[in-house]
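What follows is a protein structure lacking sequence information:
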C-alpha cells in the first residue's frame, strides 16, 4: 500500500508573492511553522518544525490572501523539492483557516 497524506497545523511564515511557472500555472510558496505537544513512549515532548509549503493552481491564488503569522491547517503530500534535491516540501491540496 502506498500512502502519502499530511495534515499539519501551524503559522504562515515567509510568505512569498504569488508567481507563475513557465507554463503559466500560479505558484505560491511559504513556510509552515508548527509547534505542538506530542506523547512518545509515554513521555510528553515539545515538537517544533518549519516545513516548506508549495501550492499550485487556483488554490495558490486563493491561499495568496493568507497573512504572515496567520494560523492555518494544511492538507497535502510530501515530495522532494526537485529531482536533484533531498529537501522535503509539502504540496498543499487543501487548507483551513478557521481553526477553532
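Cool, the structure landed. Computed from a predicted model, the values in this text were never measured in an experiment.

For residue 14, give me phi and psi.
Phi and psi for residue 14, reported as degrees, to the nearest 10, are phi 50, psi 50.

thought it was touching residue 31?
Yes: using Cβ atoms under 8 Å, residue 14 is in contact with residue 31, at 4.6 Å. For the C-beta atoms, the positions are set from N, CA and C on the backbone; glycine is no exception.

and the gap between the residue lying farthest from the centre of the chain and residue 36?
In the chain, the residue that sits farthest from the middle, by Cα atoms, centre = their mean, is residue 42; the gap is 28.5 Å. Using Cβ to Cβ, to the nearest Å, one gets 17 Å for the distance from residue 42 to residue 36.

Could you list the buried residues of stretch 57-68?
Of all the residues in stretch 57-68, those buried under the rule 16 or more other Cβ atoms under 10 Å are 59-60, 63-64, 66.

so of those, which ones are in strands?
Among the buried residues of stretch 57-68, no residue falls in strands (DSSP state E).
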